[in-house]
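> show me the folded form of this:
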Amino acid sequence: PQATRFPRRPRQRSDAMAAVAEAFALEPHLEVCRARPAHFEGCGVGMRCDEAVRKGEELLRVPLSKCWTAEAARSSPELSALDPELLEAVSDESLIALHLLAVRAAAGRQGAAEEEVGAEGAVRRAHVKLLEAAEFETLLDWSPEDLQLLAGSKWAMVAAQQRADMLEEFSELEEVIGDFLAGLQIDFKAFLWAHRLLLSRSVHFYMEDGSTLQVLGPGQDMFNHSLDAPVSDEDVNLATAQDGHRSLVIRAYKDFEAGEQACYSYGGASNGRLLMMAGFVLPGNAFDAVELQFMLPPCSDAARPLFQQLARGLDAGAHAVGSVAVETKSGFMDALPDGSLALHAQLTGGAVGPQLERVLAFFRLVRLCRGGAAPSLEELAASDGDRTIRLAVLKQLRDHLQQMLAAYPSALAEDEAALRAAEEAGAVQAPTPKEERRRESSLRVLVGEKRIFAQALAWLVARDGASSGSA
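Numbers count the residues shown, from 1 in each chain. Got it, this is the predicted structure:
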């Protein structure tokens with residue numbers, strides 16, 4: 001199918017971008033630069049190798065000090081006039097957004113020479129010039145009517161809520177630093193632009209203290225996604241030298257020839273998440289997923305460690321320092337102020353059975369904890385052999401999934417038929433109008449999610465039958 005190898009990404013305006021990319025003023029500021037922007041048919045502007053690059057070799061190395069981070073924003077001359085306590089109260093993402101907009105405003109005026117703004121100031125201005133020429137799409141660009149195409153999916157709600165949260169945050173900032181914002185001509189439209197840009201182009205890395213660091217790297221943001229690139233920690237990471245100097249590094253995941261487009265993987269993201277952050281979807285996405293939430297009643301203090309132990313198994317695996325942080329954990333648990341627990345779990349098409357079994361373990365534990373009891377891990381494991389408990393939790397989970405599936409206004413078969421029709425129309429109509437592209441992308445998200453629900457329900461029905469027939 002068209003654009004499955006290198007997905008079509010409506011995020012660059014080719015004429016303006018090509019003119020800026022031709023000079024690529026970022027190159028003198030990069031430690032390693034073996035690829036530069038170029039236009040590729042079917043996927044817009046990407047990064048083309050200047051020379052042959054072998055697998056594992058560096059394509060790009062950017063000093064972290066020249067990347068956009070919250071720490072760089074706090075220490076920047078553009079934001080230094082603001083109260084340090086205020087800067088600590090602003091979210092990291094909004095700090096980076098304000099820094100981007102302040103540099104853009106300064107670069108738009110009769111600016112200082114490079115020797116006056118310094119190397120970091122020069123690379124930021126050059127990068128902002130590239131970013132201003134870029135055109136990209138996220139779900140934050142969709143109107144409420146457009147988002148109705150995703151009705152039933154969490155992504156329709158997430159996009160609307162995220163935009164509302166940004167508006168609320170900007171209103172609060174206006175109350176506190178209104179003069180600062182007005183002086184730089186930063187309105188909500190500009191604030192939203194910066195947040196859209198970060199959603200689409202920044203990456204997050206795991207750090208030594210367990211936190212994550214959001215980074216927008218000059219040049220890193222221009223690499224396109226490839227289905228061929230493996231999802232790993234090896235192609236994009238933070239490298240730390242012996243002297244503590246950090247750099248954002250992109251390595252070749254395979255051998256690239258001179259003139260070939262170099263890409264990396266955006267990670268194991270579902271079509272819903274890809275549409276949210278990058279404006280495209282992938283046919284047959286192996287990482288399609290649905291995210292579930294369950295509210296569990298309060299438990300005794302003695303039982304809480306067992307819930308926490310189960311929760312650690314939801315997202316098992318070590319997170320290497322400097323590796324890219326996943327956008328969505330496979331599962332986690334939040335303790336709420338009233339003592340109840342919010343369980344978040346993810347279902348993917350390839351492994352619904354093990355994922356559902358982990359959720360069922362929580363449901364069994366809740367039953368065992370009734371009356372303030374604190375069962376042992378051995379008692380929890382043994383409860384899976386209790387036919388009455390097993391049937392009850394299977395029904396509980398099946399009812400929950402059926403309720404979620406009923407929230408979609410159309411059935412899977414209807415969406416599959418509509419998607420086939422949209423694909424046939426797109427095959428004879430190029431380029432696809434924006435409205436039709438959004439409709440087809442939405443259908444692909446909905447079909448992927450509903451197929452996972454169907455797999456999960458079929459698994460539960462089969463287990464229910466097996467449990468009912470057991471002695």
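> what are the ranges of the strands in the stretch 1-150 of the chain?
32-33, 35-40, 44-49, 58-63 (DSSP state E, counting those that start in this stretch).
> which among the ones you listed is found nearest to residue 280?
strand 44-49 (10.7 Å; CB to CB). Bear in mind the C-beta positions are built from the backbone N, C-alpha and C, glycine included.
> which residues touch residue 123?
For residue 123, the contacting residues are 26, 29, 66, 218, by CB atoms under 8 Å, 6 or more residues apart in numbering.
> ok, the nearest residue to residue 78 once chain neighbours are set aside - how many residues close by?
Excluding its sequence neighbours, the residue lying closest to residue 78 (CB to CB, 6 or more residues apart in numbering) is residue 102, at 3.6 Å. Other residues within reach of residue 102 by the criterion other CB atoms under 10 Å amount to 23.
> so what's residue 102 up against?
76, 78-79, 184, 186.
> make TSV out of those residues and add pLDDT, neighbour count and distance to residue 452.
Output for these, formatted as TSV (pLDDT from 0 to 100; neighbours: other CB atoms under 10 Å; distance: CB to CB, whole Å):
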residue	pLDDT	neighbour count	distance to residue 452
76	93	18	44
78	88	20	45
79	92	21	44
184	93	19	45
186	96	23	41
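> which of these sits closest to residue 459?
Closest approach to residue 459 among the contacts of residue 102 (CB to CB): residue 186, at 50.6 Å.
> just the element for that closest one, please.
Using DSSP states H and E, residue 186 is not contained in any helix or strand.
> residue contacts, it?
By CB under 8 Å, 6+ apart, the contact list for residue 186 reads 98, 101-102, 105.
> out of those residues, who has the most neighbours?
residue 98 (26 neighbours).
> from residue 181, how far out is that residue?
8 Å (CB to CB, to the nearest Å).
> any chance of a markdown table for the strands of the stretch 1-150 of the chain, columns mean neighbour count, distance to residue 463 and mean pLDDT?
Output for the strands of the stretch 1-150 of the chain, formatted as a markdown table (neighbours: other CB atoms under 10 Å; distance: least, CB to CB, whole Å; pLDDT from 0 to 100):
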| stretch | mean neighbour count | distance to residue 463 | mean pLDDT |
| --- | --- | --- | --- |
| strand 32-33 | 18 | 53 | 94 |
| strand 35-40 | 19 | 48 | 89 |
| strand 44-49 | 22 | 46 | 89 |
| strand 58-63 | 22 | 47 | 96 |
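> with respect to residue 231, which of those lies nearest?
strand 58-63 (17.7 Å).
> that closest one pairs with which strands?
strand 32-33 (antiparallel), strand 246-251 (antiparallel) (DSSP bridges).
> tabulate these (CSV), appending distance to residue 124.
Formatted as CSV, these follow (distance: least, CB to CB, whole Å):
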stretch, distance to residue 124
strand 32-33, 17
strand 246-251, 15
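> which of these is buried the deepest?
strand 246-251 (a mean of 22; mean count of other CB atoms under 10 Å).
> and the direction of that strand versus that of strand 35-40, what angle?
50 degrees (axes from the mean of the first three to the mean of the last three CA atoms, to 10 degrees).
> only alpha carbons, please: show strand 246-251 as CSV.
Output of strand 246-251 as CSV, limited to C-alpha atoms (Å, rounded to 0.1, in the frame of the first residue of the first chain):
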residue,chain,number,x,y,z
ARG,A,246,26.1,14.8,27.1
SER,A,247,25.0,14.6,23.5
LEU,A,248,21.9,13.5,21.6
VAL,A,249,23.1,10.8,19.2
ILE,A,250,21.3,9.2,16.2
ARG,A,251,22.9,6.0,14.8
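> hmm, back to that, nearest to residue 373 among the contacts of residue 102?
Nearest member of these to residue 373, counting by CB to CB, is residue 79, at 53.7 Å.
> so that closest one touches residue 71, yeah?
No. When contacts are counted by CB atoms under 8 Å, residue 79 is not listed as touching residue 71 (11.4 Å).
> can you pull out the helices in the stretch 201-350 of the chain?
271-278, 304-314 (DSSP state H, counting those that start in this stretch).
> what are the buried residues along the shortest one?
Right, helix 271-278. Going by neighbour count (16 or more other CB atoms under 10 Å), the buried part of helix 271-278 is 271-278.
> need these in CSV with pLDDT and distance to residue 259, can you?
Converted to CSV, the buried residues of helix 271-278 look like this (pLDDT from 0 to 100; distance: CB to CB, whole Å):
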residue, pLDDT, distance to residue 259
271, 94, 31
272, 94, 35
273, 92, 32
274, 92, 27
275, 95, 31
276, 95, 33
277, 92, 29
278, 89, 25
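> let me know the closest of those to residue 245.
Using CB to CB, residue 277 is the member of those that lies nearest residue 245, at 29.5 Å.
> how much space separates that closest one from residue 166?
15 Å.
> again with residue 235
Distance, residue 235 to residue 166, using CB to CB: 31 Å.
> look at these two and report which has more neighbours.
Neighbours per residue (other CB under 10 Å) separate residue 235 from residue 166, with residue 235 holding more: 24 against 20.
> what's near enough to touch the more buried one?
So residue 235 contacts 229, 250-253, 264-265 (CB under 8 Å, 6+ apart).
> okay, strands next: where are they in the stretch 251-400 of the chain?
Using DSSP E, counting those that start in this stretch, strands in the stretch 251-400 of the chain cover 261-264, 289-296, 331-335, 341-348.
> as CSV, these with distance to residue 153, mean neighbour count and mean pLDDT would be great.
Formatted as CSV, the strands of the stretch 251-400 of the chain follow (distance: least, CB to CB, whole Å; neighbours: other CB atoms under 10 Å; pLDDT from 0 to 100):
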stretch, distance to residue 153, mean neighbour count, mean pLDDT
strand 261-264, 27, 24, 93
strand 289-296, 8, 18, 90
strand 331-335, 19, 16, 78
strand 341-348, 14, 19, 89
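> in CSV, list those along with distance to residue 358.
Putting the strands of the stretch 251-400 of the chain into CSV (distance: least, CB to CB, whole Å) gives the following:
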stretch, distance to residue 358
strand 261-264, 31
strand 289-296, 11
strand 331-335, 7
strand 341-348, 7
